[in-house]
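Trainee: missing the sequence, but the structure's below:
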């Protein structure tokens, strides 16, 4: 007599292996990196019934846990990266889906479920590569298996070593717990943080750097490189940000490491004093025309239009770049722009809300 369990189906026409097939119910594929859970439960109905409750509950727990992080995925930093810590977490989730504990005792008189799962994984990997079965070397170890499957099999039998936290881990932790405000504010803050991190990575010459690998030389190198193009005040603000990110990670990850970006010294620059009257003067006409000619002849059409609006109105860059069609008033005795807060950009202060 057969049995009916939710999400359960037979795999193939000739074999009697059962799998737990669970379609992604909450559009979590961006977080889970999968569209379904496909987990072998055994070769008999008895094996499937015995393993089903535990597997089903572990899958439900994974869905519940990752559902909470779906919003983070849409606003997250460096969405194209997978850090070693996140890779280890994904492996642990996969082991949980499979009902596997690397520390589980081995019963010599019973079939090790890891062997069944391994056979299934190797068969799936071979099929994906157009082979009838996985190739084995002279001692019986599989070859020509994709890296993801190899790591999963190794984790099933040997466990997972805890990886070092990286700068990307620190950034994601900080933005998740410390960056506040609405979606616009968060995106703006995360973009600024990403730009700082990319510059640091350019100085170090490595992406996703372990926190333990940072040195004072890296911090000084970043300071000196930035001072070539921006003011001391700008560099200090950037250092305040990266110091806060690393300090937060050191505390939350319980790491006994120094923060090489802390207490940085800056050179004293002697600059000519400029009066407020001088600061308020517009571009001289000849410079304004030279810039306009260069932008119009050498830039894309959208950049050219933005510059001409900037030059003609005196608006800030984000005020022009964030304009909506309905905020450009042409059919009027006095054609003008409406500068107001919208979904694309904020305004600097209340006095900036104006028609120009």
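Mentor: Perfect, I can see it now. Because the structure is predicted, anything quoted here is derived from the model rather than measured.

Trainee: which stretches of the stretch 201-350 of the chain have low pLDDT?
Mentor: By pLDDT under 70, the weakly predicted segments of the stretch 201-350 of the chain are 269-280, 344, 346-350.

Trainee: for it, what spans make up the helices?
Mentor: When secondary structure is read from DSSP state H, counting those that start in this stretch, the stretch 201-350 of the chain shows helices at 216-227, 232-252, 276-279, 285-298, 301-313, 317-321.

Trainee: next, format these as CSV and append distance to residue 341.
Mentor: Just so you know, the C-beta spots here come from the backbone N, C-alpha and C atoms, and that holds for glycine as well. What follows is these, written out as CSV (distance: least, C-beta to C-beta, whole Å):
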stretch, distance to residue 341
helix 216-227, 31
helix 232-252, 24
helix 276-279, 27
helix 285-298, 27
helix 301-313, 18
helix 317-321, 10
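
Trainee: what's the closest of those helices to residue 185?
Mentor: Proximity to residue 185, assessed across these by C-beta to C-beta, is greatest for helix 317-321 (13.7 Å).

Trainee: list the buried residues of the closest one.
Mentor: Residues 319, 320 are the ones in helix 317-321 that count as buried (16 or more other C-beta atoms under 10 Å).

Trainee: roughly how far apart are residue 97 and residue 117?
Mentor: Computed with C-beta to C-beta, to the nearest Å, the distance linking residue 97 and residue 117 is 10 Å.

Trainee: also residue 328?
Mentor: Computed with C-beta to C-beta, the distance linking residue 328 and residue 117 is 61 Å.

Trainee: again, but for residue 322
Mentor: With distances taken as C-beta to C-beta, residue 322 is found 53 Å from residue 117.

Trainee: compare these two and say which is more crowded by neighbours.
Mentor: Neighbour count, other C-beta atoms under 10 Å: between residue 322 and residue 117, residue 117 has more, with 21 against 18.

Trainee: residues contacting the more buried one?
Mentor: By C-beta atoms under 8 Å, 6 or more residues apart in numbering, residue 117 lies in contact with 40, 98, 100, 156.

Trainee: where do the strands of this structure begin and end?
Mentor: Remark: strands assigned in the chain by DSSP state E are 8-10, 18-23, 36-42, 135-136, 142-143, 328-329, 336-339, 354-355.

Trainee: related to what we said a few turns ago, tell me, what's touching residue 97 and residue 117 both at once?
Mentor: Counting by C-beta under 8 Å, 6+ apart, residue 97 and residue 117 have no contacts in common.

Trainee: list the contacts of stretch 253-272.
Mentor: With C-beta under 8 Å, 6+ apart as the contact definition, stretch 253-272 has outside contacts at 165, 169, 173, 211-212, 214-216, 218-220, 222-223, 227, 232, 235-236, 239, 242-243, 246-247, 249-250.

Trainee: now, of those, which are buried?
Mentor: The neighbour-count test (16+ other C-beta under 10 Å) applied to the contacts of stretch 253-272 identifies 165, 169, 173, 211, 214, 218-219, 222-223, 235, 239, 242-243, 246, 249-250 as buried.

Trainee: got the domain ranges for the chain?
Mentor: Taking automatic domain parsing as the criterion, the chain consists of the domains 8-158, 167-252, 276-355.
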